[in-house]
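Novice: Structure for this input, please:
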Amino acid sequence: MSGLTPKIAVIIPCYKVKQHILPLLDRISDIVWRIYVVDDCCPEESGRLVTENTTDSRVVVLRTPINLGVGGAVLTGFKCALEDGADILVKIDGDGQMDPDLLPLFVNPIVLGRADYTKGNRFHNPSDVVQMPKLRLIGNAFVSFVNKISSGYWNIFDPTNGYLAINAKVAALLPIDKIAKRYFFESDMLFRLNLIKAVVVDIPMKAVYGDEKSNLKISRELFNFLLGHLKNTVKRIFYNYYLRDLTAGSVELILGLFLFSFGFIFGLTKWIGGVGSTSAAPSATVMLAALPIILGLQFLLAFLNSDIASVPYDPIQSKI
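Specialist: Below you'll find the model as predicted:
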């Protein structure tokens, strides 16, 4: 990082946050070097509002030509901050849900070389969890589990949390043009980070739920989320276990899938063929179906254990 004091850049994507953006800017600490307000073709003209009502010399207003989505807006800010020489990039939403006073907690692990990327976790304290809207609580719990599989980060939770920070040198290694541009952005970031073996650390935080309205349409984005996680799971496993390396986990997965599939298909075929029959299936047939399923599950569990053990814990920022 440049000098003793890192250049911390805050990126704030703006879309329908007119009531919240100015109070948020007023609360951002002096430790921040530059603030990028990204007007993502906002119908409320958040960018113009900021330009006309702030005298903070750290504020830079960026405007996207079309609505890119939250991920696209953040990546626009990332690119500009990297070009300007930032050392650490921090993303905070413009809707007031994220406390800017927590920023040092997100930055310190990166400054100290203990993490390459930090993100918020609203599930750390049980007393905070009970305040979360029930539908959001259930949805986040489900998405967190699915994300563990697709990203390979079994040690984190709350993957869609938008409060995040990343070392600029690590961010420069990511294929920014390939990262998801809309609501799948945070999940896709974790997948990309795992491919370069970056260390990710959760930061406990409280979420603030006020009168803000989410722009996320769950019914519209659910399919995209599931499809995105499925694609990332397949790509991550192929890249990490077969393209770049071969480990015991590589063998365990192949054997587990083969044995479980064989036992399941064989047993299902015999069961369908025996429908209507009054005689019981021979014990040998039952064993030929059950044994591969049991062994297959054992191999799959062994692969899962290998995958959990492969979570990165050695930060890459010092190696770049």
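
Novice: got the buried residues for stretch 240-260?
Specialist: Buried residues in stretch 240-260, defined by neighbour count with 16 or more other C-beta atoms under 10 Å: 240, 241, 249, 250, 252, 253, 255, 256, 259, 260. For every residue, glycine as well, the C-beta is placed using N, CA and C.

Novice: Now do the phi/psi pair for the first one.
Specialist: In other words, residue 240. Backbone torsions for residue 240, taken as degrees, to the nearest 10, come to phi -80, psi -30.

Novice: Which of the buried residues of stretch 240-260 fall in helices?
Specialist: With helices identified by DSSP state H, the entries of these that belong to them are 249, 250, 252, 253, 255, 256, 259, 260.

Novice: and the residue nearest to the fifth one when sequence neighbours are not counted, how many neighbours does it have?
Specialist: The shortest distance from residue 255 to any residue other than its chain neighbours is 4.6 Å, reached at residue 299 (C-beta to C-beta, 6 or more residues apart in numbering). Burial of residue 299 is recorded as 20 neighbouring residues (other C-beta atoms under 10 Å).

Novice: helices and strands around the strand or helix carrying residue 299, which ones?
Specialist: Residue 299 is part of helix 283-309, with elements assigned from DSSP states H and E. When contacts are defined as 3 or more C-beta pairs under 8 Å, 6 or more residues apart in numbering; DSSP states H and E, helix 283-309 packs onto helix 248-273.

Novice: Report all helices and strands that the helix it packs on contacts.
Specialist: Contact partners of helix 248-273 among helices and strands, from 3+ C-beta pairs under 8 Å, 6+ apart: helix 283-309.

Novice: and the helix it packs on, how far from the chain's centre?
Specialist: Helix 283-309 has its C-alpha centroid displaced from the chain centroid by 30 Å (C-alpha atoms, centre = their mean, to the nearest Å).

Novice: Check the gap between the closest residue to residue 6 other than its chain neighbours and residue 31 for me.
Specialist: The spatial neighbour of residue 6 that comes closest, neighbours along the chain excluded (C-beta to C-beta, 6+ apart), is residue 87 at 3.9 Å. Using C-beta to C-beta, to the nearest Å, we find residue 87 at a distance of 12 Å from residue 31.

Novice: what is in contact with these two at once?
Specialist: The overlap between the contact sets of residue 87 and residue 31 (C-beta atoms under 8 Å, 6 or more residues apart in numbering) consists of residue 8.

Novice: Domain-wise, how is this protein divided?
Specialist: Taking automatic domain parsing as the domain assignment, the ranges for the chain are 8-240, 246-309.

Novice: Relative to residue 320, which of the ones you listed is closest?
Specialist: When the domains of the chain are ranked by proximity to residue 320, the top entry is domain 8-240, at 4.5 Å, counting by C-beta to C-beta.

Novice: can you give me the helices in the stretch 101-250 of the chain?
Specialist: 103-111, 126-129, 134-151, 168-171, 185-195, 218-238, 248-273 (DSSP state H, counting those that start in this stretch).

Novice: least reliable of those helices going by mean pLDDT?
Specialist: Note on those: lowest mean pLDDT is at helix 126-129, with a mean of 74.

Novice: Residues contacting that one, please?
Specialist: Around helix 126-129, the neighbours that count as contacts under C-beta under 8 Å, 6+ apart are 122, 123, 137, 206, 207.

Novice: do the same with stretch 145-161
Specialist: By C-beta under 8 Å, 6+ apart, the list of residues contacting stretch 145-161 from outside reads 119-124, 140, 143-144, 183, 186-187, 190-191, 193-194, 200-202, 205, 226, 228-230, 232-233, 236, 240, 307-308, 310-311.

Novice: Please, a PyMOL command that selects the buried ones among the residues you listed?
Specialist: Selecting the buried subset of the contacts of stretch 145-161 in PyMOL, with 16+ other C-beta under 10 Å as the burial test, is done by:
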select buried, resi 119+120+121+122+123+140+143+144+183+186+187+190+191+193+194+200+201+202+205+228+229+232+233+236+240+307+310+311
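
Novice: Lowest mean pLDDT among the helices and strands of the chain, which one is it?
Specialist: The element with the least model confidence among the helices and strands of the chain, by mean pLDDT, DSSP states H and E, is helix 126-129, at a mean of 74.

Novice: Distance from that helix to the middle of the chain?
Specialist: Here helix 126-129 is found 21 Å from its chain centre; the criterion is C-alpha atoms, centre = their mean.
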